[in-house]
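> Turn this into a model:
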Amino acid sequence: MRKQWCEKRKNDKTPTQLYYAKNGVITEEMEYVAKVEGLEPELIRNEVAKGRLIIPANINHTNLTPMGIGRALKCKINSNIGSSSVSSGVEEEIDKLQISIKYGADTVMDLSTGGDLDSIRKTLINHSTIPIGTVPMYQIIHDVGKIENLTIETMLGVLEKQAIQGVSYFTIHAGFKLEFMPLVSKRKMGIVSRGGSLMGTWMMHYHKENPFYTAFDDILEICAKYDVALSLGDSLRPGCLYDATDKAQTSELKVLGELAKRAYEKNVQVMIEGPGHVPFNDIEYNMKLEQELCNDAPFYVLGPLPTDIGAGYDHITSAIGGAMAAYHGASMLCYVTPKEHLGLPNAKDVREGIVAHKIAAHIADVALKRKGAIEKDHAMSDARWNFDWNKQFELSFDEERAREYHDESLPQESFKKAEFCSMCGPKFCAYKISKEIAKVECEKFPKEEK
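Got it, this is the predicted structure:
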């Protein structure tokens, strides 16, 4: 789809969606996003131009189908996959990618820390029709061996290599400044971000400022060259309710807002990453705070998880918090799987996490009356009322699971047209009884008498 679009831009010095939007150009990607969202292309261009909407689409990822992230659009979800040093390989990651796409992930982050990282990333990008994001710090550490060996030159080299491969957005932990280290000591759980903890180790070892912060202008040059969006990482996100919305978190968020402004001025698309573990009653405040401090850049949140004791079910915990966050302004939810806090997710866990967060995002879209959101709910109501079981399966977020549960007790094909399910049976189905009541009412009170 994008090969010809990108070809004609190859000589443009700053081929970013933000640059074109600021200059009044509606790109093919903007038109496509407008069509998918049921909105006007000019509205999309205007939102991109203001920095309130991003279209992550690296010019080298030409088999990517454009999608947008912003409050004017339906809420999106991200799926995290990736190998580790003790588990998984490229074939398993491809399987996770395909599961992610099948069940509706809008973007995928490759968080691989083990194996041939370049090969895994290249393979995933080649197989993906949705944007791929990364945390470059993982490869930096993989390549240099120890965090103490990190240099600005190696850091920028990894960023450019991944940009050339086609990565559409980077999570970089540039807002975590040396001056915030004393704030960490006051926390119950310190730093729970992997990238943030590594950056904290480097700063404490050398007692120097965060190199992602000091080299931010160089990072922006790379991103502008390939249209890589920045996802400004929250190194100091709270890892428990006790640490939520503390001074460490809010101090970093303020810096992220300043960095977002600098990125905008250099025509680099940017979104802001957010918490984390947050009490349910504080979620709205966190969403509003980001809008205020970060010029309403798209907010990409992990959860938030409104309880710390959902181990084994944290996809549900996160989906509950995510629905609230999306309703109050979050533009994308980072999924959490049942394995959160416990281990590396497999393909089954990825499926569970995606579906839970698609439901959360949809709940918010319906509540916000976003265009096209509630129509499938109405169609599902019609299918249920008419006992159209196949249509019910088709309209579900997880068609296979819905069909599987129905067929556990009534597997025969004839039951796909039955006017009951195994819950109520043929005598106690409320829909069927209601239809019979309506039929009697129509016979007793003809239409013209009503």
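> So this protein: which segments form each domain?
71-367, 375-449 (automatic domain parsing).
> Quick check: mean pLDDT of the longest one?
When pLDDT is averaged along domain 71-367, the result is 96.
> For the stretch 1-150 of the chain, which segments are assigned as helices?
Per DSSP state H, counting those that start in this stretch, the stretch 1-150 of the chain carries helices over the ranges 3-7, 17-22, 28-37, 41-49, 90-102, 117-127, 136-144.
> what's the longest helix in this protein?
Determined from DSSP state H, the single longest helix within the chain is helix 347-367.
> Any chance of TSV for the helices of the stretch 1-150 of the chain, columns distance to residue 281 and mean neighbour count?
For the C-beta atoms, the positions are set from N, CA and C on the backbone; glycine is no exception. Shown next, in TSV, are the helices of the stretch 1-150 of the chain (distance: least, CB to CB, whole Å; neighbours: other CB atoms under 10 Å):
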stretch	distance to residue 281	mean neighbour count
helix 3-7	46	13
helix 17-22	35	23
helix 28-37	31	19
helix 41-49	30	20
helix 90-102	32	18
helix 117-127	39	18
helix 136-144	33	20
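> Make JSON lines out of those helices and add distance to residue 372.
As requested, the helices of the stretch 1-150 of the chain are exported to JSON lines (distance: least, CB to CB, whole Å):
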{"stretch": "helix 3-7", "distance to residue 372": "25"}
{"stretch": "helix 17-22", "distance to residue 372": "23"}
{"stretch": "helix 28-37", "distance to residue 372": "8"}
{"stretch": "helix 41-49", "distance to residue 372": "15"}
{"stretch": "helix 90-102", "distance to residue 372": "21"}
{"stretch": "helix 117-127", "distance to residue 372": "28"}
{"stretch": "helix 136-144", "distance to residue 372": "36"}
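> Specify the stretch among the ones you listed that is closest to residue 62.
helix 3-7 (4.3 Å; CB to CB).
> contacts for that closest one?
With contacts defined as CB atoms under 8 Å, 6 or more residues apart in numbering, helix 3-7 is touched by 15, 27, 28, 29, 59, 60, 62, 63.
> got a list of contacts for stretch 196-210?
137, 141, 147-148, 150, 173-174, 176-178, 181, 184, 190-191, 211-212, 233-237.
> same thing with stretch 358-371?
With contacts defined as CB under 8 Å, 6+ apart, stretch 358-371 is touched by 37-39, 73-77, 103-104, 318-320, 322-323, 326-327, 333, 373-374, 377, 397.
> List the buried residues for that stretch?
Neighbour counts over stretch 358-371 (16 or more other CB atoms under 10 Å) mark 358, 360, 361, 362, 363, 364, 365, 370 as buried.
> Out of the contacts of stretch 196-210, which end up buried?
Of those, these count as buried by 16+ other CB under 10 Å: 137, 141, 147, 150, 173-174, 176-178, 184, 191, 211-212, 233-237.
> Keep only those of the residues you listed that are in helices.
137, 141, 184, 211, 212.
> right, so of the helices of the stretch 1-150 of the chain, which gets closest to residue 402?
Nearest to residue 402, of all these, is helix 90-102, at 14.7 Å by CB to CB.
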